[in-house]
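[1] turn this into a structure:
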Amino acid sequence: MRIRPTLGLLTVLLLLVGGTGIYLVDRHQKNEAVERAEAEAARLNGALDSFQIELTERLSTVDLQAEPHHGIELAEDLRAGLPAAQDVPEYGSDRSVDFRDALQRRAALQERLDVAADVVEEWAVGAPFVAAAQEALDADLPQRVVGGPVASGAPVRDELIPLMNQTRADFDAVEVPPGQEELAAGVDAALQHVIDEATAAATELDAGGSASFTYGTQYRDALQPIIEYEASLRQRIESALAALALPSAEQGDAAPEQVPVEPA
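    Numbers count the residues shown, from 1 in each chain. Coordinates of the predicted model:
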């Protein structure tokens with residue numbers, strides 16, 4: 001007995017075949033989307049590896065101790081050039097673990113770069129500030145000008161006070177790191193103490209009396225926070241730059257700790 005296909009049966013068969021075709025195309029597209037995301041993850045990870053290796057080599061050539069002003073240029077380099085992910089289909093990006101991991105790695109590296117750039121910029125200002133404070137608070141400076149008995153207030157008034165005023169002016173001309181205004185004020189206060197005491201001593205000597213003054217406590221109180229700030233800044237910059245390196249197994253022995261920021 002032969003069964004002749006009816007229009008209804010043909011329609012059902014066509015729908016089944018068509019549905020299967022649509023399913024296969026959709027599945028292929030989804031698989032392709034995931035494969036594209038996986039490939040992009042591999043490309044991005046490779047680009048990030050290369051970026052970190054090149055950055056480590058760049059850091060190894062920088063001497064921030066001798067030339068702290070190079071920190072500005074280095075900060076700009078740190079903020080630029082981080083490889084970005086290319087667009088992939090949403091289906092693939094949502095389902096590729098490798099792609100999500102690569103994006104997370106890039107985001108974490110970007111955060112570390114931002115931290116390093118900030119602290120390197122601070123070093124470019126902070127290192128000259130610390131050096132200027134240490135020079136201004138040289139305890140031997142007043143002694144070199146008036147280091148012994150004097151017959152009148154002239155040497156104090158004509159030599160020591162102008163020198164201390166110039167020392168203070170030179171220090172005040174140096175840029176203060178953001179948030180360190182209190183440290184600068186402490187140095188200013190210590191220098192002003194010498195100026196005030198020297199002025200009073202000159203007046204007393206001119207009147208025929210004897211005079212002396214001390215400033216060691218004021219200098220120590222102003223200098224200690226400067227020393228602590230410098231030590232903290234060194235530690236932060238070394239940690240920030242070290243955090244930019246690839247694990248040693250991936251890049252060998254090179255590491256950004258080679259950036260010289262050791263105490264002078």
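[2] the protein: helices as residue ranges?
    Counting by DSSP state H, the chain has helices at residues 7-60, 70-79, 90-95, 97-136, 140-145, 154-155, 161-172, 181-206, 216-242, 248-251.
[3] need those in TSV (columns: mean neighbour count).
    Yep, even glycine has a C-beta here, placed from its N, CA and C like the rest. Listed next are the helices of the chain as TSV, based on neighbours: other Cβ atoms under 10 Å:
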stretch	mean neighbour count
helix 7-60	14
helix 70-79	18
helix 90-95	16
helix 97-136	18
helix 140-145	14
helix 154-155	14
helix 161-172	16
helix 181-206	18
helix 216-242	16
helix 248-251	10
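[4] turn those helices into JSON lines, columns for mean pLDDT.
    Output for the helices of the chain, formatted as JSON lines (pLDDT from 0 to 100):
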{"stretch": "helix 7-60", "mean pLDDT": "72"}
{"stretch": "helix 70-79", "mean pLDDT": "84"}
{"stretch": "helix 90-95", "mean pLDDT": "83"}
{"stretch": "helix 97-136", "mean pLDDT": "93"}
{"stretch": "helix 140-145", "mean pLDDT": "85"}
{"stretch": "helix 154-155", "mean pLDDT": "90"}
{"stretch": "helix 161-172", "mean pLDDT": "96"}
{"stretch": "helix 181-206", "mean pLDDT": "95"}
{"stretch": "helix 216-242", "mean pLDDT": "94"}
{"stretch": "helix 248-251", "mean pLDDT": "43"}
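[5] quick one, what contacts Tyr219?
    Under the criterion of Cβ atoms under 8 Å, 6 or more residues apart in numbering, the contact partners of Tyr219 comprise 137, 139, 190.
[6] apart from its chain neighbours, what residue comes closest to the second one?
    When the adjacent residues along the chain are set aside, Ala139 lies closest to Tyr219, with 5.4 Å between them (Cβ to Cβ, 6 or more residues apart in numbering).
[7] look up how far Val130 lies from that neighbour.
    Tyr219 sits 15 Å away from Val130 when distances are taken as Cβ to Cβ, to the nearest Å.
[8] repeat that for Met164.
    Counting by Cβ to Cβ, the separation of Met164 from Val130 is 20 Å.
[9] for Asp63, give me the backbone phi and psi.
    According to degrees, to the nearest 10, the main-chain angles of Asp63 amount to phi -110, psi 90.
[10] how many other residues sit next to it?
    A count of neighbours around Asp63, defined by other Cβ atoms under 10 Å, yields 12.
[11] do you know the pLDDT at it?
    According to the prediction, Asp63 has pLDDT 83.
[12] check the one 3 residues further on too.
    For Ala66, the pLDDT comes out at 81.
[13] number of residues surrounding it?
    10.
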